[in-house]
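**Q** Sequence first, predicted coordinates after that:
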Amino acid sequence: MNKPLLSLIDINKYFDNFQVLKNVSLDIKDGEFLTLLGPSGCGKTTILRCIAGLETVDSGDILLNGKSVVYLPANKRNVNTVFQNYALFPHLNMYDNIAYGPRIKKSMTEDEIKVRVAEVLHLVQMSGYEDRMSSQLSGGQMQRIAIARALINEPDILLLDEPLGALDLKLRKHMQRELALLQKQTKTTFVYVTHDQEEAVNISDRIAVMNKGVIQQIGTPREVYNHPVNLFVASFIGDRNIKEVEILENNNNYHKVKLGNNTVTIRCSRTAECKSKPGDKALLAIHMDKMKIDCNEMPNSIKGKVVSVHYAGSQTRTELDVNGQSLTAIEYQNEDCEYKIGDKVYITWEESGAILLPMEDGFEESGV
Amino acid sequence: MFNKEKFKQNAPAIPVLIWVGFLVGLPLVFVIILSFLTRDDLGNVVIKFTLSNYKKIFDPTYLKVFFNSFLLATLTGLITLIIGYPVAYFTANLSPKKRSLSIGLIMLPFWISSLLRTYGWIILLGNTGIINNILTKLNIIQSPFNMMYKFSTTLIGTAYMLIPFMIIAIYNSVDKLDKSLLEASYDLGASKRQTFLNITLPLTLPGIAGGFTLVFIPSLGLFFISDLLGGGMTLFLGNVINSQVTKGRNKPLAAAFSIGMIILVLIILYLYGKLTKDKKGEGLF
């Protein structure tokens, strides 16, 4: 296996007495687009700042190209950050902003800087904006300049701290595509922080899902989306129905589980719960958009009542009641069965849409 | 044409305009007129036009007074800047609690009469003052070291009196500084010193210029500090104007000197405006 470009080894970090990072270990490969995903306050930005050197770690080590950088100040590390509020210098025009790094480090002559500034401006599609001040630019434009200012230094890693957070939805989608493209073009390693799961799934090579200072799961978007390892990841990424169930039978990865008064069969192969014994409690997580509503009884279906139907353009969100438990189904098209509020229907789901997760203390159905 | 909407909008400014008009504008007009008049032997103002008061400004003796005052004000500005900038910088970077304590301590001298505080310097610097006493007792010096009644004594007193204005002005601009800009500078490879010179200093320039103006203008006119600490050995504008009005009984000449001082101040304000012009909402003009 290739040596990782950057390794975080058992990082711990406290703010006053509050532990923001707990034994965080993470390997980042050269050239990958890695996203740190989690709710606000989970420590994802702190990890980014520790890599940049803007925050010190209380214990643990950070290896960049195999060498410890943990005692190196920010200005001596070959990583660059794109800040959440862009942090463009307001007293300098865009040319001088972008030229700031090379000039400070005296790494290029003024002639070389001129060529490189033109290159990176072209890369972020901002040619011709050299003489503007930051007050004359829109959020999206400042974003591009901030990326150009970082990229001109040819960093080993580009750190991006929720760079699209302040942009409107349409521009955000557009910039997501551009960022992913830019990353492939420049072959630079990107470490990206966001709380938006859709964004993370869209642009990343790998996602590290974080909660309460702990990395919960690292994997490709597909892995994390389809095979979450625990309740937090399952509820943070994708819309799922999550219900407590009791294992009745475990037969070669086909589990018979008891959901309320119904018995259903789940195919389970990935999580540790696939080894569970009859009598164990577990959590059943089903993607809402893998659920299907039928008018007639089907194999492995459960009977329920339609509580509400919410039509939202391309998809329909239906709330169902199954013996007092509520389930939600998101359907894109249903030509087989027309139903209205109060109808009795049969509910099934695609086999791949359902997984079993470990039971967790304090699990409350309403809270998910 | 009378615009009712505009009038309604601007109506709240009327009391201020009356106040400024009567208490600043009118006296100023009076001083300007006075500066072109003459006086009789008893010191009464005679209504007779003359330019001789202004000509006197260019008399070498009085030109020296203008120069002294300008030098005192400039040096006061520089000294308060050099001492005040670090104080303001560190105060702005303190935790909120310590910050208000620090600001409180900086403002504390204003609670005591400035005259009393000036006398305090005499107790400290005088020939039989605290510093000389201690130094003689410790046998470091044999006879008292004369620190009083010099240009530098006035300078110390003036700088001491006005330094809070400099600190507060710079503090405000350092406090407003976006800390992520400093982090961006470190991130791009700049050391602390480079970041200070390239980012912090230029972005706090409006505060420096504002503080300089706030210190420069009053130090032109303060007369009791040079009276008490300078002992009248060096003549400053404030002293000359004060003595021409009282002892000299030459109000027209005092008026002309006052106008000269106002012109000096306007030059400084003009430079301040130039320096801060590009930054929106921070310049005076």
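**A** That came in fine, so what should we check first? Remember, predicted model here, so these are calculated numbers, not experimental data.
**Q** Where does the stretch 1-150 of chain B get nearest to chain A, which residue?
**A** Of all residues in the stretch 1-150 of chain B, B:S95 sits closest to chain A, at 11.9 Å by CB to the nearest CB. Glycine gets a C-beta too; all of them are placed from N, C-alpha and C.
**Q** thinking A:S134 is in contact with A:I98, fair?
**A** No: with contact defined as CB atoms under 8 Å, A:S134 does not reach A:I98; the gap is 11.7 Å.
**Q** Give me the common contacts of those two.
**A** When contacts are counted by CB atoms under 8 Å, 6 or more residues apart in numbering or on different chains, A:S134 and A:I98 are jointly contacted by A:I145.
**Q** Dump stretch B:245-261 to CSV, restricted to CA.
**A** Extracted C-alpha coordinates of stretch B:245-261, given in CSV (Å, rounded to 0.1, in the frame of the first residue of the first chain):
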residue,chain,number,x,y,z
VAL,B,245,-5.4,88.0,25.9
THR,B,246,-4.6,88.5,29.6
LYS,B,247,-1.3,90.3,30.3
GLY,B,248,-0.6,91.6,26.8
ARG,B,249,-4.1,93.1,26.3
ASN,B,250,-3.8,92.5,22.6
LYS,B,251,-6.9,90.5,21.7
PRO,B,252,-6.6,91.1,17.9
LEU,B,253,-3.1,89.6,17.9
ALA,B,254,-4.3,86.6,20.0
ALA,B,255,-7.2,86.2,17.4
ALA,B,256,-4.7,86.2,14.5
PHE,B,257,-2.6,83.5,16.3
SER,B,258,-5.7,81.5,16.9
ILE,B,259,-6.6,81.6,13.2
GLY,B,260,-3.0,80.5,12.4
MET,B,261,-3.4,77.6,14.8
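**Q** Angles on the backbone of the residue of the stretch 1-150 of chain B closest to chain A, please.
**A** phi -70, psi 150 (degrees, to the nearest 10).
**Q** on that earlier part again, A:S134 and A:I98: which is more packed in?
**A** A:I98 (32 against 19; other CB atoms under 10 Å in any protein chain shown).
**Q** so what's the more buried one up against?
**A** A:V117, A:V120, A:L121, A:I145, A:A148, A:R149, A:I152.
**Q** So, low pLDDT: which residues of chain B?
**A** B:1-2, B:277-285 (pLDDT under 70).
**Q** ok, so what distance separates A:K344 from chain B?
**A** 58 Å (CB to the nearest CB, to the nearest Å).
**Q** And for that residue, the neighbour number?
**A** Residues near A:K344, counting by other CB under 10 Å, number 10.
**Q** quick one: B:T154 is in a helix?
**A** Yes: assessed with DSSP: H, G, I helix; E, B strand; the rest coil, B:T154 lies in a helix.
**Q** Apart from its chain neighbours, what residue comes closest to it?
**A** Sequence neighbours aside, B:G230 is the residue nearest to B:T154 in space, at 3.8 Å (criterion: CB to CB, 6 or more residues apart in numbering or on different chains).
**Q** Over to B:K56?
**A** In space, B:K56 is closest to B:Y62, 5.7 Å off (CB to CB, 6+ apart).
**Q** who touches that neighbour in this structure?
**A** B:K56, B:V240, B:F257.
**Q** and it, how far is that from B:L269?
**A** For B:Y62, the distance to B:L269 (CB to CB, to the nearest Å) stands at 23 Å.
**Q** So what are the sheet partners of the helix or strand where A:Y346 lies and their directions?
**A** Assigned by DSSP states H and E, A:Y346 belongs to strand A:344-349. Using DSSP bridges, strand A:344-349 pairs in its sheet with strand A:291-294 (antiparallel), strand A:302-312 (antiparallel).
**Q** Summarise which helices and strands the following helix or strand past the last one is packed against.
**A** Remark: after strand A:302-312, the chain's next helix or strand is strand A:315-322, criterion DSSP H and E. Other helices and strands packing on strand A:315-322, by 3 or more CB pairs under 8 Å, 6 or more residues apart in numbering or on different chains; DSSP states H and E, are strand A:302-312, strand A:325-331, strand A:344-349.
**Q** helices and strands around the second one, which ones?
**A** Taking 3+ CB pairs under 8 Å, 6+ apart as contact, the helices and strands that strand A:325-331 lies on are strand A:240-251, strand A:291-294, strand A:315-322.
**Q** Output the ones you listed in TSV; the columns should cover mean pLDDT.
**A** Output for the helices and strands packed on strand A:325-331, formatted as TSV (pLDDT from 0 to 100):
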stretch	mean pLDDT
strand A:240-251	86
strand A:291-294	87
strand A:315-322	89
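**Q** rewinding a little: among the contacts of B:Y62, which one has the most neighbours?
**A** Among the contacts of B:Y62, the one with the most neighbours (other CB under 10 Å) is B:F257, at 26 neighbours.
**Q** Contacts only, for it.
**A** Contacts of B:F257 (CB under 8 Å, 6+ apart): B:I57, B:Y62, B:L237, B:V240, B:I241, B:Q244.
**Q** Please give the element, helix or strand, for it.
**A** helix B:251-275.
**Q** Check which residues of that helix are buried.
**A** B:251-261, B:264-265, B:268, B:272, B:275 (16 or more other CB atoms under 10 Å in any protein chain shown).
**Q** Stretch B:31-41 too?
**A** Quick answer for stretch B:31-41 (16+ other CB under 10 Å): B:V31, B:L34, B:S35, B:F36, B:L37, B:T38, B:R39.
**Q** among those residues, which are in helices?
**A** B:V31, B:L34 (DSSP state H).
**Q** Could you provide the buried residues of stretch B:31-41 in CSV, with additional columns for distance to B:N146?
**A** Listed next are the buried residues of stretch B:31-41 as CSV, based on distance: CB to CB, whole Å:
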residue, distance to B:N146
B:V31, 39
B:L34, 40
B:S35, 39
B:F36, 44
B:L37, 43
B:T38, 42
B:R39, 39
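**Q** which parts of chain A sit against chain B?
**A** Contact residues, chain A versus chain B (CB under 8 Å from any CB of the partner chain): A:52-54, A:73-76, A:79-81, A:83-85, A:87-91, A:100-101, A:104-105, A:135, A:149-150, A:153.
**Q** Please narrow the residues you listed to those residing in strands.
**A** Judged by DSSP state E, strands contain the following of the residues of chain A next to chain B: A:V79, A:N80, A:T81.
**Q** Would you agree the last one is in contact with A:G53?
**A** No: with contact defined as CB under 8 Å, A:T81 does not count as touching A:G53 (9.5 Å).
**Q** who has more neighbours, those two?
**A** Just comparing A:T81 and A:G53: by other CB under 10 Å the higher neighbour count belongs to A:T81, 29 against 22.
**Q** in the sheet, who's paired with that one?
**A** With DSSP bridges as the rule, A:T81 is bridged to A:L159.
**Q** what's near enough to touch it?
**A** Per CB under 8 Å, 6+ apart, neighbours of A:T81: A:L48, A:A52, A:L54, A:A150, A:L158, A:L159, A:L160, A:D161, B:E183, B:A184, B:D187.
**Q** Put together TSV for those, with neighbour count on each row.
**A** Below are these laid out as TSV (neighbours: other CB atoms under 10 Å in any protein chain shown):
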residue	neighbour count
A:L48	23
A:A52	22
A:L54	21
A:A150	25
A:L158	24
A:L159	26
A:L160	26
A:D161	22
B:E183	20
B:A184	30
B:D187	28
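**Q** Quick check: the farthest pair among the residues you listed?
**A** Farthest pair in these (CB to CB) is A:L158 and B:E183. Separation: 15.5 Å.
**Q** Let me know the secondary structure of A:F190.
**A** Going by three-state DSSP: A:F190 is strand.
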